[in-house]
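Novice: just the structure for this:
(one chain, ligands or ions: 1)
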Amino acid sequence: MRISVIGCGYLGAVHAACMAELGHDVVGIDVDEHKVSELSAGRAPFFEPGLPEVLTRAVATGRLRFTTDMSQAQDATVHFVAVGTPQTKGSFTADLTYVNAAIDGLLPYLSEGDLVVGKSTVPVGTAARLAGIIEGAGSGAHLAWNPEFLREGFAVQDTVAPDRFVYGVPAGEPGVRAAEQLDEVYATALATGTPKIVTDYATAELVKVSANAFLATKISFINAMAEVAEATGADVTQLADAIGHDARIGRKFLNAGLGFGGGCLPKDIRAFRARGDELGLSDTLAFLGQVDAINLRRRERVVTLTRELVGDLQGAKIGVLGLAFKPNSDDVRDSPALDVVKKLVEAGATVTAFDPEANGTATRSLPSLVTVGSAAEAYAGVDALLVLTEWQEFRDLVPSEVAAAVAQKKVVDGRNCLNVAEWREAGFELRGLGRP
Ligand code: UDX
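Specialist: Numbering: from 1, shown residues only. Next comes the predicted model:
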């Protein structure tokens with residue numbers, strides 16, 4: 001199939017590369033010339049395991065190219081819209097500028113039988129509005145909404161072999177045809193029995209935001225239990241193991257710690273609340289305000305624990321391990337780790353930080369940040385060491401080696417990822433989140 005992908009950020013670049021890998025003929029279109037030239041050379045503009053290999057292979061076959069020229073979409077039949085929907089500055093709403101611009105830019109190049117497929121996360125009601133614009137233009141093209149559930153760090157795997165497909169399609173014959181076209185795009189995964197739900201636009205849009213709201217709620221639930229554990233001397237990690245054995249609850253997404261960040265969960269729950277307000281459903285979605293508040297409180301808690309360990313943060317030397325919002329990513333958008341670093345610096349601490357992949361993105365976001373090239377350099381001579389992203393190499397640190405290098409044997413385990421007994425045995429005073 002001939003496919004265009006509008007927007008080559010995290011979602012679009014991965015989608016374009018994976019669709020070409022599956023045998024489709026793909027053009028990726030983005031306004032950013034630098035991004036387009038990097039991708040054209042088979043280089044991923046961000047860290048994502050497996051993506052450079054897929055990109056290089058697909059570009060070499062000639063089935064994948066990138067351009068800034070929207071008219072190159074003309075030859076494609078299926079057009080994926082994968083642009084960002086960031087949080088609007090000064091408000092909780094989703095900024096739809098890029099989605100609107102992508103549709104406007106695409107309109108002149110659509111023809112009879114084309115399918116525009118929205119993948120971006122949007123407030124419910126957006127697809128119906130955009131369908132009106134596309135159908136009103138009279139090209140004979142239609143719109144489907146096909147949300148994306150990929151996780152950073154597993155983006156290639158999640159795109160090639162997702163756990164489900166959701167198609168939001170228009171009523172009647174155009175909807176039947178849209179579903180057939182999407183089936184053709186996703187034939188490889190569907191052949192392996194991947195579940196598929198064909199529904200209306202509103203349901204498809206809501207599936208995505210409610211999935212993210214549920215995941216965020218699950219994390220904040222366990223972090224609320226961490227607060228209770230801190231007040232009562234209980235251990236939230238054991239509690240999570242115990243309740244997680246109940247198959248109705250499940251152990252996944254019950255890791256208490258510094259909480260969620262990244263380019264999706266925080267802004268998506270805020271945009272969902274904002275949309276709820278517009279729909280007169282403020283009470284219905286008010287709990288998401290608590291989910292957000294619990295999440296943000298964990299960042300303050302790490303600062304408090306650090307202060308308790310070192311006494312005064314003013315002038316304290318703090319080593320930070322981890323800046324990305326989660327391991328196997330260089331993404332620092334709404335990163336809890338970076339937020340903690342900012343708070344420590346504001347309180348007068350001297351912070352030396354290391355992340356295996358996110359030093360660059362973190363320094364671009366916070367130019368005053370001092371990063372070093374290894375974990376050992378980050379903890380040398382510090383008054384306290386903070387582990388804020390659970391990269392495997394931090395889990396694997398040998399406490400006795402760290403003990404020999406630090407000024408004071410004090411550690412905050414912001415992700416409950418360290419072996420507490422081993423660190424204490426090596427003489428460390430260790431504080432975790434929600435555990436004694
Ligand atoms: C998320 C959704 O999982 C994905 O389906 C959606 O398409 C985009 O948003 P992602 O942002 O890549 O994906 O990260 P995810 O793996 O969901 O983690 C989100 C945040 O939650 C991270 O900061 C992570 O550290 C945190 N988290 C996750 C916890 O604090 N505890 C957990 O138990 C799990």
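Novice: and the residue nearest to Gly262 when sequence neighbours are not counted, what does it touch?
Specialist: In this structure, Gly262 finds its nearest non-sequential neighbour in Phe325, 4.2 Å apart by C-beta to C-beta, 6 or more residues apart in numbering. Bear in mind the C-beta positions are built from the backbone N, C-alpha and C, glycine included. Neighbouring residues of Phe325 by C-beta atoms under 8 Å, 6 or more residues apart in numbering: Phe260, Gly261, Gly262, Asp331, Val332, Arg333, Asp334, Ser335, Pro336, Ala337, Thr389.
Novice: try 7 Å
Specialist: For Phe325, the contacting residues are Gly261, Gly262, Asp331, Val332, Arg333, Asp334, Ser335, Pro336, by C-beta atoms under 7 Å, 6 or more residues apart in numbering.
Novice: residues in the protein within reach of the ligand, list them.
Specialist: Residues of the chain lying near the ligand by C-beta under 6 Å from any ligand atom: 148-152, 212, 215, 219, 253-255, 257, 259-262, 264-265, 325-326.
Novice: among those residues, name the buried ones.
Specialist: Neighbour counting over those (16 or more other C-beta atoms under 10 Å) leaves 148-150, 152, 212, 215, 219, 253-255, 257, 259-262, 264-265, 325-326 as the buried ones.
Novice: so which of those residues sit within helices?
Specialist: Counted as lying in helices by DSSP state H, out of those, are Asn212, Leu215, Ile219, Leu265.
Novice: measure the second one to Trp391 for me?
Specialist: By that I understand Leu215. Noted for Leu215: a distance of 21 Å to Trp391, by C-beta to C-beta, to the nearest Å.
Novice: thought Val341 was touching Val303, still the case?
Specialist: No. The criterion here is C-beta atoms under 7 Å, and Val303 misses it with Val341 at 10.0 Å.
Novice: neighbour count: the two, which is higher?
Specialist: Taking neighbours as other C-beta atoms under 10 Å, Val303 and Val341 compare with Val341 leading, 28 against 21.
Novice: contacts for stretch 326-338, please.
Specialist: With C-beta under 7 Å, 6+ apart as the test, stretch 326-338 has contacts from 46-47, 49, 152-153, 258-259, 261-263, 266, 298-299, 322-325, 357-358, 361-362, 365-366, 388-392.
Novice: recalculate using a threshold of 8 Å.
Specialist: 10, 46-49, 152-154, 258-263, 266-267, 295, 298-299, 320, 322-325, 355, 357-358, 360-362, 365-366, 388-392, 414.
Novice: widest-spaced pair of the contacts of Phe325?
Specialist: Checking these against each other with C-beta to C-beta, the farthest-apart pair comes out as Asp331 and Pro336, at 12.0 Å.
Novice: so which of these two has more stuff around it?
Specialist: It is Pro336, of Asp331 and Pro336, that has more neighbours when counted by other C-beta under 10 Å, with 27 against 24.
Novice: nearest residue to that one in space, please, no chain neighbours.
Specialist: Here the residue nearest Pro336, using C-beta to C-beta, 6+ apart, is Leu258, at 4.2 Å.
Novice: now do the one you found against Ser4, distance only.
Specialist: Counting by C-beta to C-beta, the gap from Leu258 to Ser4 is 39 Å.
Novice: quick one: which of those two has more around it?
Specialist: Ranked by neighbour count (other C-beta under 10 Å), Leu258 and Ser4 place Leu258 first, with 31 against 26.
Novice: these two touch, right, the residue nearest to Pro336 and Leu433?
Specialist: Yes. Leu258 lies in contact with Leu433 (C-beta atoms under 8 Å); the separation is 7.0 Å.
Novice: tell me the residues that contact both of those two, please.
Specialist: Residues touching both Leu258 and Leu433 (C-beta under 8 Å, 6+ apart): Arg298, Val302, Gly414.
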